[in-house]
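Participant: build me a model:
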Amino acid sequence: MVETHQQIVERLIARWPEHRIAPGTARVEALCELLGSPQRTYPVIQIAGTNGKGSTAIMIDALLRTLGLRTGRYTSPHLVDLTERICIDGERIGDDEFDALVADTQRLIDLVDERAIDGVAMTFFEVMTALAYEAFAQAPVDVAVVEVGLGGVTDATNVMDAAVAVICPIDYDHTHLLGNTLTEIAREKAGIIKTGSQVVLAAQQPEAAAVLVERCAEVGAKVYREGIEFALLDRTPGVGGQVLRLDTAGGPVPEVVLPLFGAHMARNAALAVAAVEAFLGGKPLPAEIIVEALAEVAAPARLEVVRRSPTVVLDTCHNPHGARATVDALTEAFAFTPLIGVVAVMADKDLDGLLRVLADELSTIVCTTVQGSSRALSAEALAERAAGIVGEDRVRVASTMSDAIETAVALADDAGPGAGVLIAGSVIAAGQARALLVHADRKQ
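Facilitator: Next up is the predicted model:
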């Protein structure tokens, strides 16, 4: 019997989950070798860091495509459908194309599974990574933009030597896997920096910066540093986004319209431009390319307005560093009074740190849970933790995302025309909310 797309997806997701890190990269290396090493048939721009990887990847992709290059983009996690992870020329891979790719590769996946390298069959993320590399080779693409899943040294994506390694801001997250200090976390993420590569560094805290610069010196990598080789010079917030002035390899570029909110997105835009210029060997991008590409950027679930009357904003912030950037951008771009939050989180996150940041802006927190995930914190447990930080009178409980949105919207309606709703806390939760609130469009 022929499998449906949904059956194929469910079978893949049933593998060792991506939040659990299986040891080493040997399994994905083995599968890629059986496939003919597709990841070595095109240059790669690889992106690591704690926050901002996905949006930076989207902007790098847009810039490259505006230059006329055919691109592959691999990001994680997905919001609604796992085919979002594999994009060619800015479009997610089609269901039929993805299903055929799995079918053509399944025999080789089975061979690696049978070997059980380090006692583990291939994980979900490892299979998806190899599928992405194979899809890019078949396209074929001129360049691949690859977001690291978690960490760097032993991440499944790190089975090639990236032409350009991009490091977004490093902060605390996944400390149980990556380490409890910025030095340890930065050392793991610095693993994507290879001999002779071009390295583009966002501004970092001193402890992390020291590790990254030392790694670059060790392997002879050329470094482009935010604030020195490139920079965000100025920005003016506006309706629907902001206008930037960027310092690039060719000098200042003014009047760059970015339809995304927040200083963090403006800095990600500067980072993306520097990454593409590094890919070009330090050659300046024409100003008109920068302006055209960034003006068309769309980043789902990054302070995305998904409903009006009342306004509902969706974001994927899931750690204190990301939440601070989200709150700063939200208060700058919108004047919500009051702001009601819908929050759902994974149990292994820095929940108290996240809630303390959100508590400064949210008048009420509607606690719900991420449905269908064993990692999810229950709505009741989240409410108990939230009440300890903001007080019981500011906390509501809803068993499902649908009920939580309905509760938050009702509270906003009762509060008057200035009220708004922020949905935040988990990428999977954001995807579930987006599926409820945004019309399913395969091109989004």
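Participant: in the stretch 301-444 of the chain, which spans are strands?
Facilitator: Per DSSP state E, counting those that start in this stretch, the stretch 301-444 of the chain carries strands over the ranges 302-307, 311-315, 339-343, 364-367, 395-397, 420-424.
Participant: turn these into a markdown table, including distance to residue 36, mean neighbour count and mean pLDDT.
Facilitator: Backbone N, C-alpha and C define where each C-beta goes, glycine included. What follows is these, written out as a markdown table (distance: least, Cβ to Cβ, whole Å; neighbours: other Cβ atoms under 10 Å; pLDDT from 0 to 100):
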| stretch | distance to residue 36 | mean neighbour count | mean pLDDT |
| --- | --- | --- | --- |
| strand 302-307 | 36 | 20 | 95 |
| strand 311-315 | 40 | 23 | 97 |
| strand 339-343 | 45 | 27 | 97 |
| strand 364-367 | 49 | 25 | 98 |
| strand 395-397 | 53 | 20 | 98 |
| strand 420-424 | 42 | 27 | 97 |
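Participant: could you dump those strands to CSV with distance to residue 354?
Facilitator: As requested, the strands of the stretch 301-444 of the chain are exported to CSV (distance: least, Cβ to Cβ, whole Å):
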stretch, distance to residue 354
strand 302-307, 16
strand 311-315, 12
strand 339-343, 8
strand 364-367, 11
strand 395-397, 15
strand 420-424, 9
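Participant: got the buried residues for stretch 91-99?
Facilitator: 92-93, 95, 98-99 (16 or more other Cβ atoms under 10 Å).
Participant: oh, I was asking about stretch 202-220
Facilitator: Here stretch 202-220 shows 202-204, 208-209, 211-213, 215-216 as buried, counting by 16+ other Cβ under 10 Å.
Participant: among the residues you listed, give me the pair with the biggest separation.
Facilitator: 203 and 215 (16.8 Å; Cβ to Cβ).
Participant: related to what we said a few turns ago, could you dump the buried residues of stretch 91-99 to a markdown table with pLDDT?
Facilitator: Shown next, in a markdown table, are these (pLDDT from 0 to 100):
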| residue | pLDDT |
| --- | --- |
| 92 | 97 |
| 93 | 98 |
| 95 | 97 |
| 98 | 98 |
| 99 | 98 |
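Participant: filter those down to the ones in strands?
Facilitator: Counting by DSSP state E, these place residue 92 in strands.
Participant: which of the buried residues of stretch 91-99 lies closest to residue 412?
Facilitator: Minimum separation from residue 412 among these (Cβ to Cβ) is found for residue 92, which lies at 32.0 Å.
Participant: residue 84 is in contact with that closest one, correct?
Facilitator: Yes - under the criterion of Cβ atoms under 8 Å, residue 92 makes contact with residue 84 at 5.1 Å.
Participant: can you say which of the strands of the stretch 301-444 of the chain is nearest to residue 436?
Facilitator: That would be strand 302-307 among the strands of the stretch 301-444 of the chain, by Cβ to Cβ, at 8.9 Å.
Participant: and of the buried residues of stretch 91-99, the nearest to residue 257?
Facilitator: Of the buried residues of stretch 91-99, the one sitting nearest to residue 257 (Cβ to Cβ) turns out to be residue 92, at 25.1 Å.
Participant: ok, now which ones touch the closest one?
Facilitator: Listed by Cβ atoms under 8 Å, 6 or more residues apart in numbering, the contact set of residue 92 reads 81, 83-84, 86, 442.
Participant: 6 Å - rerun?
Facilitator: Neighbouring residues of residue 92 by Cβ atoms under 6 Å, 6 or more residues apart in numbering: 83-84.
Participant: please report phi then psi for the closest residue to residue 331 other than its chain neighbours.
Facilitator: Nearest residue to residue 331 in three dimensions, chain neighbours excluded: residue 361, at 6.5 Å (Cβ to Cβ, 6 or more residues apart in numbering). Backbone torsions of residue 361, given as degrees, to the nearest 10, read phi -120, psi -30.
Participant: next one: residue 361 from residue 313, what distance?
Facilitator: Distance from residue 361 to residue 313, counting by Cβ to Cβ, to the nearest Å: 12 Å.
Participant: centre-most residue in the chain?
Facilitator: residue 54 (3.1 Å; Cα atoms, centre = their mean).
Participant: is that one in contact with residue 75, as I believe?
Facilitator: Yes - judged on Cβ atoms under 6 Å, residue 54 makes contact with residue 75 at a distance of 5.1 Å.
Participant: circling back to that earlier point, okay, the buried residues of stretch 202-220 in CSV with secondary structure next?
Facilitator: Shown next, in CSV, are the buried residues of stretch 202-220 (DSSP: H, G, I helix; E, B strand; the rest coil):
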residue, secondary structure
202, coil
203, coil
204, coil
208, helix
209, helix
211, helix
212, helix
213, helix
215, helix
216, helix
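Participant: nearest to residue 31 among those residues?
Facilitator: Nearest member of the buried residues of stretch 202-220 to residue 31, counting by Cβ to Cβ, is residue 215, at 27.6 Å.
Participant: quick one: low-confidence parts of the stretch 1-150 of the chain?
Facilitator: Scanning the stretch 1-150 of the chain with the threshold set as pLDDT under 70 gives 19-21, 23.
Participant: tell me where it has strands.
Facilitator: Taking DSSP E, counting those that start in this stretch as the criterion, the stretch 1-150 of the chain contains strands spanning 44-48, 71-74, 86-88, 91-92, 143-147.
Participant: quick one, which of those strands gets closest to residue 265.
Facilitator: Per Cβ to Cβ, nearest to residue 265 of the strands of the stretch 1-150 of the chain: strand 44-48, 14.9 Å.
Participant: that closest one: how far from the chain's middle?
Facilitator: Distance of strand 44-48 from its chain centroid, counting by Cα atoms, centre = their mean, to the nearest Å, is 12 Å.
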